[in-house]
Each structure stands twice: as C-alpha cells, then as structure tokens.
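Enquirer: Model the following, please.
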Amino acid sequence: MRFPFRKHSTDPAPFMQFTLDASSSSISRHAEKGRIDDLEEALRAAPEGAVNLVDAHGFTPLMHAITEGHAAAVRVLLSYGAATDTRNLDGETALHLAASIGYEECVSLLLMHGADPSLLTTAGKSAAELAFTMGHHEILRALEQAAPATVVPIESETLKHKDSFKSTTIADDPRDLAFTFLETDFSKLNDDSLGEMKTILEMTLEKVVAEEQLRQQHRQ
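Expert: Just a heads-up that it's a prediction; the model follows:
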C-alpha cells in the first residue's frame, strides 16, 4: 500500500515552544528541590523567557522555590531576571506566598528586587495582611518599611475589628462559642478564610492547654 507524500512543516515555532516548556519544567524542578548547581546549569542552557513561564497552576519557577523556602534558589532566579509580581491562579504573587508561609529571607530578597507589596490576591488579601494573620511579625515589619502607606492601615484595622469582636461577641460561657464553631458550615469559606479559621482554632487550643497545665501546677 502506498501512502501519500506528507511534507514536513518548516515552522520552528512548535519545536521552540516545546524546548521552552521543557526548560521551564527543568528549572522549576531544580528550584523546588533547592538544587543550586543544577538550577544554574538549566538557566544557562534555557532559551530566553523560560525563567518566567508558568505551569498549569500558574506557578513560576520562582514561586516553586519560594514555597519550599529555598532562599539561595530565589537569589539565583532573581539574578536571571525572574519576575516578582507574576500571579498564580489565586492571584498570589511570590511575595504573598513568602509572607504567608513565613520565609523572612525570601521576603527580603523579593522586596530588594522590586516586588510590589500593595498587590492583592483574588480574595483581596495583601502580603502584609497574610503575614499578620499568620503571626509573622518580622515579615510584617519588613513590609511596613517597604510600603508603610499600604501596611499600617491593615494592621490597625485588623486590631480594631479584633477589639470590637472581643467586646461584642464573646459569650459569657466560652463553651457556647465553641459549640458555635462546631455548628459552622466551613464549606462556605474560601481558602484564605479557612486558613485564618485554622490559625484561630490552633491558638485557642494552645490557650486551653496552657490553662490546663497551669491548673495542674497549682494542684501540685
């Protein structure tokens, strides 16, 4: 059986895109693992633009390095032109990720390379608000110094609402509030709100445990 002759395409674009995607994948993998020598080798061999390509989740190689706290990898990526303000599918930048997880050195590196602390996630959260919510006070101070106009109101407003919550909603019997939590439909919360709720409950548990330990000491 004879097959018709098929002319091969001379368009280099598909091959170039494949090379670009493969290079970015390799860069992301080394960045996530913190393999500095391999990362630098991949960056040197990569075509232009590979350092800033995003994956299916909207993550750049820089974001992969940030989520694992590999400051050395972050430094290398930034030196090769990694963009600081690219957003993932949740509207988060590398600075949002570093601030919420608590990687101080990564936050400092990002700010030094021009990361914008005023940007908000799709849930309306700034890097400063995420740092405050998660209790990363050193990072909050760094963001405060970088952009005081955008950070100070966040902290003061949060504290103001916190005081208001204390004065108007705490039940006479804290157990009533605990049962309210148990009856709450958490499926209606977005990811950021769910994270905040988890932090609040963890802090509450720590207070309960501390009170138990204090009472045991008094009984001895």
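Enquirer: switch to C-alpha atoms for all contacts and neighbour counts from now on
Expert: Fine.
Enquirer: how near is G49 to P61?
Expert: Using C-alpha to C-alpha, to the nearest Å, G49 is found at 11 Å from P61.
Enquirer: Comparing the two, which shows the higher neighbour count?
Expert: P61 (28 against 14; other C-alpha atoms under 10 Å).
Enquirer: Spatially nearest residue to that one (excluding sequence neighbours)?
Expert: Excluding the flanking residues, the one nearest P61 by C-alpha to C-alpha, 6 or more residues apart in numbering is S28, at 4.2 Å.
Enquirer: Would you mark the buried spots in the longest helix along the chain?
Expert: When the chain is parsed with DSSP state H, its longest helix is helix 191-219. For helix 191-219, burial by neighbour count (16 or more other C-alpha atoms under 10 Å) applies to 192, 197.
Enquirer: ok, now how distant is the spatially most central residue of the chain from Q145?
Expert: Nearest residue to the geometric centre of the chain (C-alpha atoms, centre = their mean): L97, 1.4 Å. Distance, L97 to Q145, by C-alpha to C-alpha: 19 Å.
Enquirer: picking up where we left off before, please report phi then psi for the residue nearest to the centre of the chain.
Expert: With angles defined as degrees, to the nearest 10, L97 sits at phi -60, psi -50.
Enquirer: Under a three-state scheme, what state does T86 occupy?
Expert: In three-state terms, and counting by DSSP: H, G, I helix; E, B strand; the rest coil, T86 is coil.
Enquirer: List the contacts of it.
Expert: For T86, the contacting residues are 60, 92-94, by C-alpha atoms under 8 Å, 6 or more residues apart in numbering.
Enquirer: Which residue, neighbours along the chain excluded, lies closest to E196?
Expert: E196's closest residue in space is T133 (C-alpha to C-alpha, 6+ apart), at 6.6 Å.
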